[in-house]
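Asks: sequence unknown, structure follows:
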């Protein structure tokens, strides 16, 4: 009879009976009783009361009974830790049993009992088992170390188990090697900083030898470990690839994908001219194709991985198009994924085949699949220019079917084809217009409206067509409303006499009757453009559009390289790095492919060197940058009080969206704001690309860095540049500059009212910044500012505000309020406004400090086109509080030793080397906060050239 009988009893008083049976003298009865206990435990009954009685049954030679007792122990040890200690002696005894199966069973169970009290008793038996003569016991003990490390990492390190594990990598038995690698990988994943798997060519050789003989899961552990190794040159990479290649023909798909991952990674190091490189490409295709004959779920995982591989190296599968053709019985998720790969592999050679196939798909019954197939035809047209004509005629055939969703998708993709090939296929517009009435999806309606607006001069009744959309303007989705607004403005600029009423109607609908800030702002911009400067409006609205690129949905290259390192894991299915979906304390290490052979990427540019060090050491004076916008969003813009603004409570990043939407369009696009001032004499500070990029939508403007370059005490003051263009601030234009006069800093502003209404109630506030700059007094605008009037104001600043490290360091984010709204802008202040008057260091102090600051904090810069004598340089810099402490002449060069001090107490020491005939000066800066060096250099540059 089978064991199912144990699950059928439902007697009352059962525990009492079981207790008696467990203490019986007959072995058979004992075994029956333990089986009943395990059965009750399995169905969820609480049998923990029998703990002491079950533990007594451990003293037996019967392996089956022992296994059952150990199973019970694992389950209840956590809830009964004090009782579990009773079992320790038996474990210790079992670990010395002559039968290796019992030794392994004991060590495995010890690892599963997650009770802190017991762990220290288990160290001795575990140590013996790690050195056991039987490989089965050693491989079990290796995994036990990883489990123990999870419970008590410190204990494992103190007992030296990690070193024993490392020794097991050289074991003679392949299964022991695989388990040792698995355990070390597991431990190092939870401690990314510890370099446990310190691989070298000798250990790699041992792993590759073990690879041929261990079980499939052992092979996966070893392959994953190999993938983290960085070969020292292309020859080593090739030899590893040669020894891993046989794994491609393994029956287990996980082994195949792990092998593909290793090969894809090491191929980066092989030169494309090698014969072996071509052979390897050929060998990679068949195993990937074989994966597609598995069951649908496995196919899907394989396809998601193939999608990444095709983006990285399309040449591997370029001749295998046919295997990605859809079968009638494929599930929808497989169909859609195959379709995606077909487009990626489409080329001039196979496009005829692909199009015939796609046209077939477009007549299927599955709506989602048909839509994707129609889109795919459009993507083929954009990708393979020679096929565009054929694709367009295929799309027209599909439109003739009059199937609603097919027509709509076709119109969306034809819009993209027009963008890619202007003035080529516009003859089809008439056919598209016939289907206007059947469009009911926002994307298709918006695409059709775009086509009518863009080609209005070719469509006789364009105004009637657009007017028909206007009737239900407020019921349309935002996408359609925005497109309609733009299309009618385009139409007006092309046929102004006939469409004046239409454009007025749409502008009033968009601005006065709409609640959507995006729509309203776009409406106002068009209104202003059309009323002030129709010529400019024409240049903006009817500008030449850039051609669209072929593959818009390619994964960004650095992310793709990271995902290639995760082939065969969840990351490759989600197409997201692990850090995006793995939660918890374990650090996720970012992986990347090795640099290509002969590529210049590895050579760092000299400018990049200091910035790498900057991240590592931040001076204590400047706190790390937290939430950039937290404060600006929290500003209470009443009239400011003098003195430092109160630190606003921190706002989570989610709050950033408060600025999204409306400001987006109002402030236009980032490019509009750049360099608004124009014509200032000093070069603006070099701004790193994409400052603030991660902050999402409408913040382009907040980080719109118009280069404001500052002033010197009694000397050069940069011309004012526009910081906030009127376009972005409802008619308020702010330009300005910074100056330092006799120890006090001021922000010199010009406010200009370019709107049609009076402006009053001005107030200003700064976000926290690197040096604590803050207004020292309210913004005094004594009379309301009438239209077309300007007012000049000098706003005194102090440096006692809240401090937060900005990027770049001298970034200042400002909020200005008036009776109309609150406006945000950001500008860069020149660092020399922060050089204080008592910045001259004693000579001895200078020498001691120079020696004391570590050499890695020294940065060197070249000041070009500066043909001043040493004395002229010295006096010019002294005017800006850069003091010369000593001067000497070495081999015909003048050497100036200088010091300066910033308002927050940071000292910067400088050595300036001047050669009489050479206009390029060499500046060496030393500072305990090296991130300021770049900005000090810019200050030198500005001062000496003006």
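Replies: Here it is on my side, so go on. Note that the coordinates shown come from a computational prediction; the quantities given were computed from them, not determined experimentally.

Asks: how distant is the helix or strand harbouring residue 489 from the center of its chain?
Replies: Element membership for residue 489, per DSSP states H and E: helix 478-494. Remark: helix 478-494 is offset 35 Å from the chain centroid, using C-alpha atoms, centre = their mean, to the nearest Å.

Asks: how about it: buried residues?
Replies: Within helix 478-494, the residues that count as buried by 16 or more other C-beta atoms under 10 Å are 480-494. (C-beta placed from N, C-alpha, C; glycine too.)

Asks: center of this protein - which residue?
Replies: Residue closest to the mean C-alpha point of the chain, counted by C-alpha atoms, centre = their mean, is residue 559 at 7.9 Å.

Asks: next structured bit after the helix holding residue 489?
Replies: helix 500-511.

Asks: which residues does that next one contact?
Replies: 463, 466-467, 470, 473-474, 481, 484-485, 488-489, 491-492, 519-520, 522-524, 526-527, 530 (C-beta atoms under 8 Å, 6 or more residues apart in numbering).

Asks: next one: stretch 536-553
Replies: Stretch 536-553 is contacted by residues 344, 379, 382-383, 416, 419-420, 422, 486, 489-490, 493-494, 526, 529-530 when judged by C-beta under 8 Å, 6+ apart.

Asks: tell me the phi and psi of the closest residue to residue 592 other than its chain neighbours?
Replies: Once flanking residues are discounted, residue 592 sits nearest to residue 561: 5.5 Å by C-beta to C-beta, 6 or more residues apart in numbering. Here is the backbone geometry of residue 561 (degrees, to the nearest 10): phi -60, psi -40.

Asks: now swap in residue 793 and tell me
Replies: In terms of degrees, to the nearest 10, the main-chain angles of residue 793 are phi -140, psi 140.

Asks: who does the residue lying closest to it once chain neighbours are set aside bridge with?
Replies: Once flanking residues are discounted, residue 793 sits nearest to residue 749: 4.9 Å by C-beta to C-beta, 6+ apart. Beta-bridge partners for residue 749, by DSSP bridges, are residue 736, residue 793.

Asks: cool, the one 4 residues further on as well?
Replies: For residue 753, the beta-bridge partners are residue 732 (DSSP bridges).

Asks: so where's the chain shaky on pLDDT?
Replies: Along the chain, segments meeting pLDDT under 70 span 1-2, 4-13, 192-195, 550-552, 584-589, 596-716.

Asks: okay, strands next: where are they in it?
Replies: Under the criterion DSSP state E, the chain contains strands at 721-724, 732-741, 744-753, 763-766, 774-775, 790-798, 811-817, 822-828, 858-863, 883-890, 893-901, 907-914, 921-927.

Asks: sheet partners, orientation included, of the shortest one?
Replies: When you say that, I think you mean strand 774-775. Neighbouring strands of strand 774-775 in its sheet, by DSSP bridges, are strand 790-798 (antiparallel).

Asks: how many residues are close by the residue nearest to residue 592?
Replies: Neighbourhood size, residue 561 [other C-beta atoms under 10 Å]: 19.

Asks: just the one 3 residues further on next, same as before
Replies: Counted with other C-beta under 10 Å, the burial measure for residue 564 works out to 26 neighbours.

Asks: separation between it and residue 208?
Replies: The gap separating residue 564 from residue 208 is 21 Å, by C-beta to C-beta, to the nearest Å.

Asks: please apply the same query to residue 829.
Replies: Distance from residue 829 to residue 208, by C-beta to C-beta: 59 Å.

Asks: kindly report the same for residue 25.
Replies: Going from residue 25 to residue 208 by C-beta to C-beta gives 56 Å.

Asks: and these two? which has more neighbours close in?
Replies: residue 208 (16 against 6).

Asks: now do the closest residue to that one other than its chain neighbours against residue 801, distance only.
Replies: Leaving aside its chain neighbours, residue 208 sits nearest to residue 243 (4.7 Å; criterion: C-beta to C-beta, 6+ apart). Residue 243 is 63 Å from residue 801, where distance means C-beta to C-beta.

Asks: the two: which has the busier surroundings?
Replies: Per other C-beta under 10 Å, whichever of residue 243 and residue 801 has more neighbours is residue 801, with 22 against 18.

Asks: close enough to count as contact, the more buried one and residue 770?
Replies: No: using C-beta atoms under 8 Å as the test, residue 801 is too far from residue 770 to be in contact (10.7 Å).

Asks: which neighbours do the two share?
Replies: Common neighbours of residue 801 and residue 770 (C-beta under 8 Å, 6+ apart) do not exist.

Asks: and residue 731, how many neighbours?
Replies: Applying other C-beta under 10 Å, we find 18 residues neighbouring residue 731.

Asks: check the one 5 residues further on too.
Replies: Applying the criterion other C-beta under 10 Å, we find 24 residues in the vicinity of residue 736.

Asks: contact partners for the closest residue in space to residue 567 that isn't next to it in sequence?
Replies: Using C-beta to C-beta, 6+ apart and skipping the chain neighbours, the partner closest in space to residue 567 is residue 261 (3.8 Å). Shown in contact with residue 261 (C-beta under 8 Å, 6+ apart): 223-224, 227, 564-568.

Asks: equivalent analysis for residue 373, please.
Replies: Contacts of residue 373 by C-beta under 8 Å, 6+ apart are 339, 358, 361-362, 364.

Asks: any chance of the residues you listed in TSV, plus distance to residue 543 and neighbour count?
Replies: Shown next, in TSV, are the contacts of residue 373 (distance: C-beta to C-beta, whole Å; neighbours: other C-beta atoms under 10 Å):
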residue	distance to residue 543	neighbour count
339	35	22
358	34	26
361	37	20
362	35	24
364	41	14
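
Asks: closest one of the residues you listed to residue 910?
Replies: residue 339 (62.6 Å; C-beta to C-beta).

Asks: state the distance from residue 555 to residue 324.
Replies: Distance, residue 555 to residue 324, by C-beta to C-beta: 18 Å.

Asks: ok, the two, which is more surrounded?
Replies: Ranked by neighbour count (other C-beta under 10 Å), residue 555 and residue 324 place residue 324 first, with 23 against 18.

Asks: surely that one meets residue 346?
Replies: No: with contacts counted by C-beta under 8 Å, residue 324 stays clear of residue 346, the gap being 10.4 Å.

Asks: on that earlier part again, quick one: the helix holding residue 489 to helix 500-511, angle?
Replies: For helix 478-494 against helix 500-511, the angle by axes from the mean of the first three to the mean of the last three C-alpha atoms, to 10 degrees is 150 degrees.

Asks: surely residue 247 touches residue 259?
Replies: Yes: using C-beta under 8 Å, residue 247 is in contact with residue 259, at 3.8 Å.
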